[in-house]
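In: quick one: sequence and predicted model below, then my questions.
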Protein chains: 4
Amino acid sequence: MNVIAELSIVPIGVGLSLSSYIAECERVLKAKNLVIHLHAEGTNIEGEFNEVFDAIKACIEAVHQKGAPRISTHIKVSSRTDKDEHMEERIKSVENQL
Amino acid sequence: MNVIAELSIVPIGVGLSLSSYIAECERVLKAKNLVIHLHAEGTNIEGEFNEVFDAIKACIEAVHQKGAPRISTHIKVSSRTDKDEHMEERIKSVENQL
Amino acid sequence: MNVIAELSIVPIGVGLSLSSYIAECERVLKAKNLVIHLHAEGTNIEGEFNEVFDAIKACIEAVHQKGAPRISTHIKVSSRTDKDEHMEERIKSVENQL
Amino acid sequence: MNVIAELSIVPIGVGLSLSSYIAECERVLKAKNLVIHLHAEGTNIEGEFNEVFDAIKACIEAVHQKGAPRISTHIKVSSRTDKDEHMEERIKSVENQL
């Protein structure tokens, strides 16, 4: 099953600047066989169900290893069994109606 | 205070195709004085704290009025008092470290 | 319209211990005409649509005023126009099927 | 690593009544070696990092198998490496300050 997920990681206890931790997570995601899209409130990920979860778990572990003692992670998963979902199609299907 | 928010609306009880409801929400947001960015898992919104919340509430009401009897809405708000946040800067500050 | 919301606030840049900021938010919510339930991952709030949003906004502002320069807030809103929702009923309707 | 997670599943395309699908997810979680707490906006789960993710994935699959063609799943994970987190302690640390 192909899914679209969104990942948002907030490292806690490392001060106000979080971008280096987000970048660490991006590096982990980019090394995987996934379509990813970084936006201002998280990263969208498209790929096979298990691979997407494995990548998200690896991202949390990498941010802890980089030094964040505490992380608040939000994950949204859009899954459907009737057809494969793709990020570009979802956006176009809305934009076509505007 | 300027904030960045993310809005994700899931109308319930209207079948499998949700894009027309998302489009209705986009039309409400576009009519406001806000920076918006539609992506595959929601819409990012940049603007003044109260105006952003007013727009989100108007969006929920518009989707009910379009016929959705039930809605599950997720909102993320990134607020800071030490500086104004802008969507483009947030993305660039991560990309500069990749 | 009566809604059920969930509020989760993560103050950033104030170190590892966040409970005093969550307690500040609880005090703001308790002063309002709302049903609230604190759990391990957030606070559920039941009340009239506009009053719930006003309370959430007051909570964000109070946590900034207490000294958090940056906050990541997640809000979930469950709204329906076909009937009023109540927290206890929602839980019972699931438990009755276990 | 012990984590606290929150799981919220919204089956799409199955009409307005979702409680039987939530109950299916509860049954999957209850069969695992985890502490779980059902509340009005989701289910909190406490347990080992990998076991929590395995349970969440099993829950999504079970809800699809029960007949939901599309699911919107929200997951929050609170992880920390400096100490084990427990749901009861988190709630008490806030309540002690009220």
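Out: Received it, and whenever you're ready, just let me know what you need. As the structure is a computational prediction, the values presented were derived from the model and not from experiment. Numbering: from 1, shown residues only, chains lettered A, B, ... in the order given.

In: is residue A:5 in a helix, a strand, or coil?
Out: With DSSP: H, G, I helix; E, B strand; the rest coil as the basis, residue A:5 sits in strand.

In: ok, how many other residues are close to it?
Out: 26 (other CB atoms under 10 Å in any protein chain shown). Backbone N, C-alpha and C define where each C-beta goes, glycine included.

In: continuing past the helix or strand where residue A:8 lies, what's the next helix or strand?
Out: Using DSSP states H and E, the element containing residue A:8 is strand A:2-12. Downstream of strand A:2-12, the next assigned helix or strand under DSSP H and E is helix A:19-30.

In: who does that following helix touch, helix- and strand-wise?
Out: strand A:2-12, strand A:35-39, strand A:42-48, helix A:49-65, helix B:87-95 (3 or more CB pairs under 8 Å, 6 or more residues apart in numbering or on different chains; DSSP states H and E).

In: what residues sit buried inside the first one?
Out: Going back to what we said before, that points to strand A:2-12. Residues A:2-12 are the ones in strand A:2-12 that count as buried (16 or more other CB atoms under 10 Å in any protein chain shown).

In: enumerate the residues of chain A near chain B.
Out: Within chain A, the positions adjacent to chain B are A:4-6, A:8, A:16, A:19-20, A:22-23, A:26-27, A:30, A:37-42, A:44, A:46, A:74, A:76, A:78, A:80, A:82, A:87-88, A:90-91, A:93-95, A:97-98 by CB under 8 Å from any CB of the partner chain.

In: so for residue A:84, what's the pLDDT?
Out: Per-residue pLDDT puts residue A:84 at 87.

In: give me the pLDDT value at the closest residue to it other than its chain neighbours.
Out: Residue nearest to residue A:84 in three dimensions, not counting chain neighbours: residue A:2, with 4.3 Å by CB to CB, 6 or more residues apart in numbering or on different chains. Residue A:2 is assigned a pLDDT of 95 by the prediction.

In: cool, the one 10 residues further on as well?
Out: If you check residue A:12, the pLDDT there is 98.

In: find the nearest non-adjacent residue to it, please.
Out: Per CB to CB, 6+ apart, closest to residue A:12 is residue A:70, 4.0 Å.

In: just checking, that neighbour touches residue A:13?
Out: Yes: counting by CB atoms under 8 Å, residue A:70 does reach residue A:13; the two are 5.2 Å apart.

In: quick one, which of the two is more surrounded?
Out: residue A:70 (22 against 18).

In: how much space separates the more buried one from residue C:15?
Out: In this view, residue A:70 and residue C:15 are 10 Å apart by CB to CB, to the nearest Å.

In: just residue A:69 next, same as before
Out: The value you get for residue A:69 to residue C:15, if CB to CB is used, is 10 Å.

In: ok, now residue A:45?
Out: Distance from residue A:45 to residue C:15, by CB to CB: 30 Å.

In: more neighbours, the two?
Out: Neighbours of residue A:45 and residue C:15, each counted by other CB under 10 Å, are more numerous for residue A:45; the result is 27 against 12.

In: so that one makes contact with residue A:53?
Out: No: with contact defined as CB under 8 Å, residue A:45 and residue A:53 do not form a contacting pair (9.9 Å).

In: overlap of the contact sets of those two?
Out: Shared contacts of residue A:45 and residue A:53 (CB atoms under 8 Å, 6 or more residues apart in numbering or on different chains): none.

In: residues of chain A that sit close to chain D?
Out: Counting by CB under 8 Å from any CB, chain A sits next to chain D at A:1, A:12, A:49-50, A:53, A:57, A:60, A:64, A:69-82.

In: among those, name the buried ones.
Out: Looks like these have A:12, A:49, A:53, A:57, A:60, A:64, A:70-80 buried, using 16+ other CB under 10 Å.

In: for residue A:56, what are its contacts?
Out: A:5, A:7, A:45, A:73, A:75.

In: max pairwise distance over the residues you listed: which two?
Out: A:45 and A:73 (13.0 Å; CB to CB).

In: so what sits against both of the two?
Out: Common neighbours of residue A:45 and residue A:73 (CB under 8 Å, 6+ apart) are A:7, A:56.
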